[in-house]
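> Structure, please.
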Amino acid sequence: MKLSEALSSAKMLRPHAADEFTLAQLLFRGVEGDVAEMFGVEAPENPNDGTEAELTDVELLMPHPYDEVYTWYLCAMIDMANEETNLYQNDMEMFNAAWARAASWYRRTTKPADKGNWRVM
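Residues are numbered from 1 along each chain as shown. As a prediction, the model looks like this:
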């Protein structure tokens, strides 16, 4: 999923007045850093600092179909800012469920071949 797709899908679900640069910053400081940590890679920097006229579109780390974590995270942040407590709680439930599916997928696809289903730490 590209950054612009995450922003537009969140805007479709939760119309808002927040600018794209603020939402991109929330995404990179929040869930994208967690995705990078889960994948064991360095967290990417947000190429958008708000000084450009247009948003720099980048590919986010989480692959399809697990990329819905971005949409639900942004919806939750919008609802939190708007003090929509019930919507925020619902969005966080959706985010947590999407995150659990993504984490399960990652564990299934990256487990060591010689360790069975369990990873020895």
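
> Tell me where the protein has helices.
With DSSP state H as the criterion, the chain has helices at 3-13, 20-29, 31-39, 68-81, 85-110.

> what's the nearest residue to the most centrally placed residue in the chain if we skip its chain neighbours?
Nearest residue to the geometric centre of the chain (CA atoms, centre = their mean): residue 70, 2.9 Å. Nearest residue to residue 70 in three dimensions, chain neighbours excluded: residue 6, at 4.0 Å (CB to CB, 6 or more residues apart in numbering). Every residue, glycine included, has its C-beta placed from N, CA and C.

> just residue 68 next, same as before
residue 98 (4.8 Å).

> With residue 28 instead?
The nearest residue in space to residue 28 (CB to CB, 6+ apart) is residue 46, at 3.8 Å.

> Need the phi and psi values for that neighbour.
phi -70, psi 120 (degrees, to the nearest 10).

> mind listing what it touches?
24-25, 27-29 (CB atoms under 8 Å, 6 or more residues apart in numbering).

> If any of those are buried, give me the ChimeraX selection for them.
Buried members of the contacts of residue 46, defined by 16 or more other CB atoms under 10 Å, are picked up in ChimeraX with:
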select :24,27,28
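
> count of neighbours near residue 75?
25 (other CB atoms under 10 Å).

> ok, now residue 98?
Residue 98, neighbours per other CB under 10 Å, totals 21.

> didn't it look like it was pressed against residue 69?
Yes: using CB atoms under 8 Å, residue 98 is in contact with residue 69, at 4.6 Å.
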